[in-house]
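In: A structural model of the following input is requested.
(one chain, ligands or ions: 1)
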Amino acid sequence: MGRKSAPIHIHVAEQTKEVDDCLAWSGTRPVRYLLDHFDVSSRWCGIHATHMTADETQRMAASGMIAGLCPTTEANLGDGIFPAAAFLTAKGAIAIGSDSHISVSPAEDLRQLEYSQRLRDRTRNALASGPGKSTGRALFDAALKGGARSMAQPVGALAPGLRADITVLDDDHPALIGRSQDRALDSWIFSGGNSCVRDVFVAGHHVVQNRRHIREEAILKNFRAAVKRLTA
Ligand SMILES: [Zn+2]
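Out: Predicted coordinates:
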């Protein structure tokens with residue numbers, strides 16, 4: 001991948017202090033500054049983009065720049081709430097990431113994203129694509145599509161030519177019994193979370209088998225040694 005096609009990820013407008021500092025320095029808010037001064041396109045991924053005016057939200061969505069959201073990190077740091085309802089209505093693309101690793105659960109991050117909108121707007125099913133539609137499905141599909149594009153990697157769907165990254169949920173997990181399709185996605189995201197995951201394939205390699213990573217013991221041993229070294 002060349003310099004001209006590699007994705008560009010940039011932190012922007014995560015905390016209000018950043019916005020204030022940028023205003024003091026340039027007279028312009030950070031997202032607007034990016035849109036005004038750079039050739040922002042779908043190659044770009046604005047990480048956080050928490051604090052935007054309605055105009056910045058519309059313009060960022062129209063530019064194709066992906067919003068790289070880290071909802072549990074943003075909640076943990078008290079950053080603020082991304083305007084996801086307006087951004088998705090404006091056909092903006094989103095991806096999620098773990099950032100500070102306060103959580104490493106995509107289900108939990110998607111749940112936090114949805115719940116932050118509900119709490120702010122005192123609504124339900126804030127990011128579903130329409131009345132009666134599955135919120136989990138809307139969040140999952142949006143994050144897969146935007147996530148794949150934000151990395152410029154052949155991932156994000158089960159299709160010929162794409163990398164075989166597969167998560168298998170446990171249909172015997174209490175949160176998933178009797179659930180299938182969109183209802184299973186809703187139950188995974190809003191209820192069971194990581195405990196629903198039974199198997200994981202990465203590029204076709206079966207790395208988590210019946211809830212155990214194939215190198216779990218070695219990884220834990222190395223991790224323990226690394227932490228010990230760092231804290232000695
Ligand atoms: Zn960050």
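In: And the protein, split by domain according to the record?
Out: Domain assignment of the chain by automatic domain parsing yields the ranges 1-156, 164-232.
In: Looking at those domains, which one is packed in the most?
Out: Among the domains of the chain, domain 1-156 has the highest mean neighbour count (mean count of other C-beta atoms under 10 Å), at a mean of 18. C-beta coordinates here come from the backbone N, C-alpha and C atoms, glycine included.
In: How far does it sit from its chain's centre?
Out: Domain 1-156 has its C-alpha centroid displaced from the chain centroid by 8 Å (C-alpha atoms, centre = their mean, to the nearest Å).
In: for the record, mean pLDDT for that domain?
Out: Averaged over domain 1-156, pLDDT sits at 96.
In: Over to stretch 186-197?
Out: Stretch 186-197 shows a mean pLDDT of 98.
In: Now do that stretch: distance from first to last residue.
Out: Start-to-end span of stretch 186-197 (C-alpha to C-alpha, to the nearest Å) is 14 Å.
In: Where do the helices of this structure begin and end?
Out: For the chain, the helices defined by DSSP state H cover 16-26, 30-37, 54-63, 71-76, 84-89, 106-121, 135-151, 181-187, 216-231.
In: if I look at the closest residue to Leu139 other than its chain neighbours, how far off is Pro160?
Out: Distance criterion C-beta to C-beta, 6 or more residues apart in numbering; nearest residue to Leu139, sequence neighbours excluded, is Leu110 at 4.4 Å. Leu110 sits 27 Å away from Pro160 when distances are taken as C-beta to C-beta, to the nearest Å.
In: for Ile219, same thing?
Out: Taking C-beta to C-beta, one finds Ile219 at 32 Å from Pro160.
In: next one: Gly97
Out: Gly97 is 27 Å from Pro160, by C-beta to C-beta.
In: likewise Leu69?
Out: Distance of Leu69 to Pro160, computed by C-beta to C-beta: 30 Å.
In: for Met151, same thing?
Out: 19 Å.
In: Spatially central residue for this structure, please.
Out: Closest to where the C-alpha atoms of the chain average out (C-alpha atoms, centre = their mean) is Ile96, at 1.0 Å.
In: Surely that one touches Thr73?
Out: No. Ile96 is beyond contact range of Thr73, at 10.1 Å (criterion: C-beta atoms under 8 Å).
In: And the contacts of stretch 16-36?
Out: 10, 12-13, 40, 46, 49, 51-53, 55-56, 59-60, 63, 65, 80 (C-beta atoms under 8 Å, 6 or more residues apart in numbering).
In: quick one: contacts for Ala126?
Out: Per C-beta under 8 Å, 6+ apart, neighbours of Ala126: 84-85, 114, 117-118, 135.
In: Perfect, I'm done here.
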